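A.B. asks: the sequence isn't on hand, but the structure is:
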Ligand SMILES: Cc1ncc(COP(=O)(O)O)c(C=O)c1O
């Protein structure tokens with residue numbers, strides 16, 4: 001077992017007497033013991049609500065919660081903690097962005113997304129366009145499942161008020177050059193980036209990307225589920241009104257009016273998932289302490305090794321770019337005349353966890369003319385032994401399915 005695997009207790013467990021080979025990190029990552037321990041430590045010793053009271057427990061809990069915001073700020077190189085909004089996850093973040101921008105859009109405005117998008121970055125925009133009578137422009141992928149940055153740029157014009165796009169596809173691992181796109185389109189277009197996958201495989205610098213919004217979930221970054229980040233440029237967030245109202249986000253309330261609190265609280269109504277914020281902080285610190293960017297290079301190598309090995313199989317379709325393309329960590333494929341769910345179910349008998357399905361990307365699947373695919377995805381704990389075991393087990397699976 002490699003050293004990093006030793007930090008992940010679940011990877012030392014067996015299911016039906018088989019060691020776990022976890023190849024589904026694009027769905028969710030496993031948690032290092034440091035994250036698990038930090039959450040139970042907090043619940044055992046320091047739990048209280050945040051931003052509410054002057055008692056010692058509440059002061060300490062607030063301090064830890066705000067430290068988590070500070071760690072997140074540095075993790076993505078944002079300028080200020082005012083730009084870091086805790087949400088329930090990427091889906092929540094994107095919905096908040098869409099619903100807050102609604103009152104700044106008018107008839108004739110256009111919203112642009114791409115055919116690569118996860119449903120979480122389609123539906124909020126589709127819904128908004130339906131409600132406001134706006135045009136939703138969807139930039140198509142090629143028949144191989146590749147999206148061209150030039151197509152995005154050429155399809156954004158003066159009426160494009162929002163471009164919302166993924167930084168990294170959760171089906172093919174394709175990476176989009178956000179910086180180039182942002183530089184090449186109208187400067188008044190809001191660029192909202194779905195960073196759900198890229199946050200776990202690329203070093204993110206929101207200042208360098210120059211995007212207006214960047215959304216991600218903690219559970220894809222080795223932290224707990226139920227929490228995520230909506231990054232937004234401070235001057236933009238100051239202009240927006242939050243779509244959800246409640247306690248903790250106001251300055252003053254009278255019987256017939258209210259005023260908002262300052263950023264970031266304005267966008268955080270209600271009691272947050274405090275223990276998740278503590279675990280999230282530990283996850284980012286864990287990655288920082290382990291030179292996590294070195295593992296990203298390893299993940300890219302694992303992808304190209306897996307693609308080469310899969311090409312040796314008869315009748316395999318691999319979607320997206322080849323092993324040298326601008327992509328990382330994710331490989332989606334089908335084997336002719338085999339059902340992706342059957343393959344995933346049989347691989348489970350060998351302790352291998354992969355995903356079979358449409359990956360919440362039905363328009364993408366429809367374009368490829370398939371109902372779904374097998375998806376293998378890597379995290380920082382995977383190594384070449386995992387690929388060997390996967391390939392050997394896939395051979396056995398296909399024999400059984402013949
Ligand atoms: C690219 C992408 N966007 C958005 C999401 C939604 O993330 P969450 O379910 O954490 O809100 C996912 C999750 O799979 C994703 O892969």
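C.D. replies: Structure's in. What do you need? Since this is a predicted model, take the numbers as computed values, not measurements. Numbers count the residues shown, from 1 in each chain.
A.B. asks: count of neighbours near the closest residue to residue 148 other than its chain neighbours?
C.D. replies: With sequence-adjacent residues excluded and distances taken as Cβ to Cβ, 6 or more residues apart in numbering, residue 148 is closest to residue 142, at 7.3 Å. The C-beta positions use only the backbone N, C-alpha and C, and glycine is treated the same way. For residue 142, the neighbour count with other Cβ atoms under 10 Å is 12.
A.B. asks: and residue 142, how far from residue 339?
C.D. replies: 25 Å (Cβ to Cβ, to the nearest Å).
A.B. asks: burial of residue 107, as a residue count?
C.D. replies: Using other Cβ under 10 Å, residue 107 has 8 neighbouring residues.
A.B. asks: ok, now how distant is it from the ligand?
C.D. replies: Remark: distance between residue 107 and the ligand (Cβ to the nearest ligand atom, to the nearest Å) = 29 Å.
A.B. asks: quick check, that residue in a strand?
C.D. replies: No: counting by DSSP: H, G, I helix; E, B strand; the rest coil, residue 107 falls outside a strand, being coil.
A.B. asks: what ranges does the stretch 101-250 of the chain have for its helices?
C.D. replies: Taking DSSP state H, counting those that start in this stretch to define them, one finds helices in the stretch 101-250 of the chain at 123-132, 149-155, 178-184, 206-209, 234-239.
A.B. asks: okay, residue 323: pLDDT?
C.D. replies: Reading off the confidence values, residue 323 has pLDDT 84.
A.B. asks: tell me the SS of the closest residue to the ligand within the stretch 251-400 of the chain?
C.D. replies: As assessed by Cβ to the nearest ligand atom, the ligand sits closest to residue 360 within the stretch 251-400 of the chain, at 6.0 Å. At residue 360 the chain is in coil, as set by three-state DSSP.
A.B. asks: burial count for it?
C.D. replies: For residue 360, the count of nearby residues is 18 (other Cβ under 10 Å).
A.B. asks: quick one, domains of the protein?
C.D. replies: Per the record, the chain has its domains at 4-32+292-401, 35-289, by automatic domain parsing.
A.B. asks: isn't the residue of the stretch 251-400 of the chain closest to the ligand right up against residue 119?
C.D. replies: Yes: under the criterion of Cβ atoms under 8 Å, residue 360 makes contact with residue 119 at 4.5 Å.
A.B. asks: can you pull the contacts of the residue nearest to the spatial centre of the chain?
C.D. replies: Centroid check for the chain by Cα atoms, centre = their mean gives residue 196 as the closest residue, at 1.2 Å. Applying Cβ atoms under 8 Å, 6 or more residues apart in numbering, we find residue 196 in contact with 90, 118, 120, 166, 170, 215, 216, 217, 220.
A.B. asks: I figured residue 89 hits residue 224, correct?
C.D. replies: No: taking Cβ under 8 Å as the definition, residue 89 is not a contact partner of residue 224, at 10.5 Å.
A.B. asks: what sits against residue 372?
C.D. replies: Applying Cβ under 8 Å, 6+ apart, we find residue 372 in contact with 340, 341, 356, 357, 358, 359, 365.
A.B. asks: phi and psi next, for the last one.
C.D. replies: Per-residue torsions, residue 365: phi -60, psi -40 (degrees, to the nearest 10).
A.B. asks: which residue packs closest to it, ignoring adjacent ones?
C.D. replies: Per Cβ to Cβ, 6+ apart, closest to residue 365 is residue 358, 4.7 Å.
A.B. asks: now do the fourth one
C.D. replies: By the measure of Cβ to Cβ, 6+ apart, the closest residue to residue 357 outside its immediate chain neighbours is residue 372, 4.7 Å from it.
A.B. asks: got the phi and psi for that neighbour?
C.D. replies: phi -180, psi -170.
A.B. asks: and the pLDDT at it?
C.D. replies: pLDDT recorded at residue 372 is 98.
A.B. asks: what's next to the helix or strand residue 259 falls within, contact-wise?
C.D. replies: Per DSSP states H and E: residue 259 is located in strand 258-260. Strand 258-260 is touched from outside by 241, 242, 245, 249, 250, 251, 252, 266, with contacts defined as Cβ under 8 Å, 6+ apart.
A.B. asks: what do you get if the cut-off is 7 Å, keeping everything else the same?
C.D. replies: For strand 258-260, the surrounding residues in contact (Cβ atoms under 7 Å, 6 or more residues apart in numbering) are 249, 250, 251, 252, 266.
A.B. asks: the ligand next: which of these are close?
C.D. replies: Among those, no residue sits close to the ligand (Cβ under 6 Å from any ligand atom).
A.B. asks: now for the nearest residue to residue 124 once chain neighbours are set aside, how many residues are close by?
C.D. replies: Closest residue to residue 124 apart from its sequence neighbours, by Cβ to Cβ, 6+ apart: residue 98 at 3.9 Å. By other Cβ under 10 Å, 24 other residues sit near residue 98.
A.B. asks: with that, I have no additional questions.
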